[in-house]
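Undergrad: Sequence and predicted structure are below.
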Amino acid sequence: MNITYKNDRCFSAGEVEELFLSVDWLSGNYPERVKKALDNCETVITAWDGDRLVGLINAIDDGELTSYVHYLCVAPEYQGKGIGGELLNRIKEKYRDYLYIILIAENDGLIDYYKQNGFEHMVGRHVIMIQNK
């Protein structure tokens, strides 16, 4: 397995759809919208096995203080091989001079993973959102 990492947006909506649906993300049902959203993010880093998109991370930032990691996704058969950690390392490097790099763990099982990758669990903080249909 020879994984390559890219900082461009040379992926199709179909490739994003396949990756996101492989991990059962609802947003995978809206591939054109996800592609458009990723095209408008400050940072997108992808992981490729040959010509297959197997991982992706993106961040939005305010240009100075805070970066928000929105997606970190690795295809199930590629998980546990260091790809997610490498994607996180690349984000941490890019935003090393920012005060905060913030992300939301989608489930309790991911908290330990993110802690192993240098993030701190902010007990007492709460995610507040509106989900539009």
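TA: It's in.

Undergrad: beta partners for Ile3?
TA: Taking DSSP bridges as the rule, Ile3 bridges to Asp49.

Undergrad: Just the residues contacting the helix or strand bottoming out on mean pLDDT in the chain, thanks.
TA: Between all helices and strands in the chain, the lowest mean by mean pLDDT, DSSP states H and E belongs to helix 109-116, at a mean of 85. Applying CB atoms under 8 Å, 6 or more residues apart in numbering, the set of residues contacting helix 109-116 from outside is Gly84, Leu88, Leu103, Ala105, His121. Bear in mind the C-beta positions are built from the backbone N, C-alpha and C, glycine included.

Undergrad: now with 6 Å?
TA: Contacts to helix 109-116, defined as CB atoms under 6 Å, 6 or more residues apart in numbering, come from residues Ala105, His121.

Undergrad: Repeat that for stretch 84-97.
TA: For stretch 84-97, using CB under 6 Å, 6+ apart, the contacting residues are Ile45, Gly55, Ile57, Ala59, Ser67, Val74, Ile101, Asn117.

Undergrad: Spatially central residue in this structure, please.
TA: Centroid-nearest residue in the chain, with CA atoms, centre = their mean: Leu72, separated by 2.2 Å.

Undergrad: Tell me the spacing between the spatially closest residue to Glu42 that is not a sequence neighbour and Asp24.
TA: Counting by CB to CB, 6 or more residues apart in numbering, the nearest residue to Glu42 once its immediate chain neighbours are dropped is Asp61, at 5.2 Å. Computed with CB to CB, to the nearest Å, the distance linking Asp61 and Asp24 is 28 Å.

Undergrad: Many thanks, we can stop here.
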